[in-house]
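>>> Predicted model follows, preceded by the sequence.
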Amino acid sequence: MNIIVIMIGVFFFGYGIYVAVIRKKSPEKLGKYTAMKEKFGSSKGNIIHIIFYTVLPIVVGIGIIMSAILK
């Protein structure tokens with residue numbers, strides 16, 4: 001079990017959670033979210049942002065943590 005790898009996983013996981021909370025509470029703080037909504041439209045921009053800045057970091061973080069623990 002490598003603590004550095006676990007911390008990287010926790011960082012990714014925490015970043016995904018942080019973005020999800022900020023997007024709900026004050027989305028104006030997320031410049032990329034606003035830009036994606038302007039470029040792709042409200043619905044598609046929202047979906048793209050959720051996938052790449054919330055879901056993907058959470059999944060990657062969990063994967064990294066699990067791989068570090070199982071080694």
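Perfect, thanks for sending it. Numbers count the residues shown, from 1 in each chain.
>>> okay, now R23: neighbour count?
17 (other CB atoms under 10 Å). C-beta: built from backbone N, CA, C; applies to glycine.
>>> er, G9 actually
G9, neighbours per other CB under 10 Å, totals 20.
>>> Over to F52?
For F52, using other CB under 10 Å, the count is 13.
>>> contacting residues around the helix or strand of the chain with the lowest mean pLDDT?
One helix or strand of the chain scores below all others by mean pLDDT, DSSP states H and E: helix 31-40, with a mean of 90. Applying CB atoms under 8 Å, 6 or more residues apart in numbering, the contact partners of helix 31-40 are 23, 27-28, 45-46, 48-49, 53.
>>> So for the helix or strand containing M7, what gets flagged as buried?
Element membership for M7 (DSSP states H and E) is helix 3-25. Within helix 3-25, the residues that count as buried by 16 or more other CB atoms under 10 Å are 6, 8-9, 12-13, 15-16, 19-20, 23.
>>> Which two among the contacts of helix 31-40 are spaced furthest apart?
Greatest spatial distance among the contacts of helix 31-40 (CB to CB): E28 and I48, at 17.9 Å.
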